[in-house]
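S.K.: Here is a sequence together with a model predicted from it:
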Amino acid sequence: MGRFLGIFINPAFVQYEGLDRVFDNLQSAGATAVVTHPGVARPAADGKGGRFPPLHTDGYNRVLGRELWGKRELHLQTFRAFDPDPALYADTAYAPTARPVPDDMDREVPARIIAEAHKRGMQAHVQISPFQPPGVRPEDRPICVDGAPPRGPLVANVACLNSPQAHAYALAAVRDLLAHYPDADGLFMDWVEYDAYGIEGCFTCFCPHCEAAANGQGFDWARIKGDTMRLWDWLHALTPRELVRSRRVMRNPSELLERLTDAPGVAEFLRFKADTVVGFYRQVRDMLNGSGRPRRHMSARGWPPPWNRSSGMDYRRLATICDAVTPKLFTFDYCALPRWYGQTLLDWNPDLPQAAILDALVEWMNLPDDIENRSFAHYNIPAPGERHPAKLESYRARIEEVAAQIEGRARCLPFAHAYLPEPQWEEMLALLRDSPADGIWVQMYGYLSDTKLDILRRVWRTEAG
Ligand SMILES: [Zn+2]
């Protein structure tokens with residue numbers, strides 16, 4: 001078997017293309033593992049159900065690489081493929097949605113995916129977003145340092161990781177999932193981290209649950225809040241000169257250290273967020289170990305550097321708990337981040353030129369491009385054939401950083417997103433193949449056109465260049 005190659009399959013593609021065709025394609029591409037989620041879907045009229053692929057705020061340009069029910073973008077009505085066990089949720093304020101799968105739909109598709117993967121000698125993992133309980137209560141929503149919920153772009157409605165009720169729901173949801181898919185080899189959890197899609201997300205979470213958790217763990221919450229508020233205030237009073245200075249700080253670790261020494265609460269805040277994420281992973285690990293079956297794999301899937309500092313995905317420590325760390329290389333989202341962050345900075349500082357804001361943001365985020373006279377119009381979720389502006393070399397640096405942090409204690413398996421133009425998909429695969437990564441996961445089958453499957457087959461199996 002070749003180097004690790006895992007592919008995410010949305011069960012809808014198996015419903016549409018059939019199990020044999022999907023797995024023949026995966027096998028011919030050299031896949032050694034799959035991951036799926038426990039849902040089935042059917043097309044819905046526009047305006048009903050959810051847009052697929054999801055918009056991610058304003059990603060109207062993003063469409064699938066393979067047809068689904070004859071379309072490249074559509075609305076889907078989705079159903080949980082198994083009946084939740086209500087007893088598991090008895091002690092939480094949240095109850096899983098009980099929407100029965102219609103009789104004419106095959107609810108066994110996720111289980112069939114797992115069985116077929118095993119038949120073909122592949123691993124089969126399952127994925128869940130445990131901190132997205134139905135109808136997040138206002139008291140469980142993340143809160144910004146200024147005391148309000150984030151107003152910036154919200155890609156998903158996620159509960160605060162420190163909310164006791166959301167936390168209890170999340171553990172129950174993982175237990176429920178694994179009870180229904182006992183043959184799954186491993187677990188992926190999505191969104192078990194703080195939001196980093198917008199600048200306000202980076203200033204979460206200051207909810208009462210987080211305050212109580214931080215105080216309980218011995219953090220100096222007053223200092224964390226005070227220093228973070230100073231950073232928030234600084235971002236509300238930016239000048240072109242300050243932006244230039246901030247870019248110098250990013251290139252000069254000594255100056256960055258000086259800033260952090262002056263505001264240690266900011267570093268403590270990042271540490272607190274990482275402790276929250278690592279703490280949840282540790283609880284799930286303990287749960288898996290106590291489940292009475294041979295060791296199940298767990299993967300840490302989250303933001304790559306530099307956003308993982310703020311999201312709490314501390315890969316160095318997660319590598320001691322998880323079997324693999326899988327930083328997401330979702331370049332299509334990162335194409336829009338300079339605008340999403342930049343719009344907030346412009347709202348706060350209306351006199352700043354867009355170009356000065358963007359020049360700073362692409363440097364802060366390590367998203368170098370060749371664009372001159374930058375404006376917000378350059379930073380969108382790209383159309384299918386449109387080149388992604390950030391130079392792909394910057395992703396090599398992210399992988400090298402994570403690989404150095406984990407030092408072989410877990411496998412480094414970045415999650416490559418196939419929504420890239422074909423030439424860049426080929427460049428990305430070659431970059432990953434020649435990187436210190438132990439293998440890759442690919443998001444997802446639905447973006448792998450037949451041409452992109454061919455590229456995957458050809459590039460990934462080639463010896464390192
Ligand atoms: Zn919170």
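M.R.: Perfect, I can see it now.
S.K.: Past the lowest-mean-pLDDT helix or strand in the chain, which element shows up next along the chain?
M.R.: In the chain, no helix or strand scores lower on mean pLDDT, DSSP states H and E than strand 50-52, which sits at a mean of 92. Counting by DSSP states H and E, the next helix or strand C-terminal to strand 50-52 is strand 74-80.
S.K.: how about the residues of this protein near the ion?
M.R.: Taking CB under 5 Å from the ion as the contact definition, the chain meets the ion at Cys160, Asn162, Cys205, Cys207, His209, Cys210. For glycine as for every other residue, the C-beta is placed from the backbone atoms N, C-alpha and C.
S.K.: what do you get if the cut-off is 6 Å, keeping everything else the same?
M.R.: Taking CB under 6 Å from the ion as the criterion, the chain approaches the ion at residues Pro142, Cys160, Asn162, Cys205, Cys207, His209, Cys210.
S.K.: Go through these and flag which are in helices.
M.R.: Cross-referencing the residues of the chain next to the ion against helices under DSSP state H gives His209, Cys210.
S.K.: okay, the residues of the chain next to the ion in CSV with neighbour count and pLDDT next?
M.R.: What follows is these, written out as CSV (neighbours: other CB atoms under 10 Å; pLDDT from 0 to 100):
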residue, neighbour count, pLDDT
Pro142, 25, 96
Cys160, 26, 97
Asn162, 24, 98
Cys205, 27, 97
Cys207, 21, 98
His209, 23, 98
Cys210, 25, 98
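S.K.: Return the closest of the residues of the chain next to the ion with respect to Asn373.
M.R.: Pro142 (35.5 Å; CB to CB).
S.K.: got a list of what the closest one touches?
M.R.: Pro149, Pro150, Val158, Ala159, Cys160, Tyr194, Asp195, Gly201, Thr204, Cys205, Cys207 (CB atoms under 8 Å, 6 or more residues apart in numbering).
S.K.: can you check Phe376 too?
M.R.: Arg339, Gly342, Gln343, Gln354, Leu358.
S.K.: what about the strands in the stretch 351-465 of the chain?
M.R.: 411-412, 415-417, 439-443 (DSSP state E, counting those that start in this stretch).
S.K.: Might you list the low-confidence residue ranges for the stretch 1-150 of the chain?
M.R.: Low-confidence segments of the stretch 1-150 of the chain (pLDDT under 70): 1-2.
S.K.: how about the strands of it, start to end?
M.R.: Counting by DSSP E, counting those that start in this stretch, residue ranges of the strands within the stretch 1-150 of the chain are 4-9, 33-36, 39-44, 50-52, 74-80, 123-128.
S.K.: quick one: strands adjacent to the third one?
M.R.: For strand 39-44, the paired strands and their directions (DSSP bridges) read strand 74-80 (antiparallel).
S.K.: cool, and the second one?
M.R.: For strand 33-36, the paired strands and their directions (DSSP bridges) read strand 4-9 (parallel), strand 123-128 (parallel).
S.K.: cool, the fourth one as well?
M.R.: For strand 50-52, sheet partners with direction are given as strand 74-80 (antiparallel), following DSSP bridges.
S.K.: From the chain's centroid, how far away is the strand it pairs with?
M.R.: 21 Å (CA atoms, centre = their mean, to the nearest Å).
S.K.: Please name the nearest non-neighbouring residue to Lys273.
M.R.: In space, Lys273 comes closest to Gly312 once its chain neighbours are excluded; the distance is 3.7 Å by CB to CB, 6 or more residues apart in numbering.
S.K.: Number of residues surrounding that neighbour?
M.R.: Neighbourhood size, Gly312 [other CB atoms under 10 Å]: 26.
S.K.: ditto for the one 3 residues further on
M.R.: A count of nearby residues for Tyr315, using other CB under 10 Å, gives 26.
S.K.: what sits against it?
M.R.: Ala300, Asn308, Val325, Pro327, Val402, Gln405, Ile406.
S.K.: Next, the contact list for the last one, please.
M.R.: Residues in contact with Ile406, defined by CB under 8 Å, 6+ apart, are Tyr315, Arg316, Ala319, Val325, Cys412.
S.K.: just to revisit the earlier point, mean pLDDT and mean neighbour count for the strands of the stretch 351-465 of the chain - can I get that in JSON lines?
M.R.: JSON lines is the format used below for these (pLDDT from 0 to 100; neighbours: other CB atoms under 10 Å):
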{"stretch": "strand 411-412", "mean pLDDT": "98", "mean neighbour count": "22"}
{"stretch": "strand 415-417", "mean pLDDT": "97", "mean neighbour count": "23"}
{"stretch": "strand 439-443", "mean pLDDT": "97", "mean neighbour count": "25"}
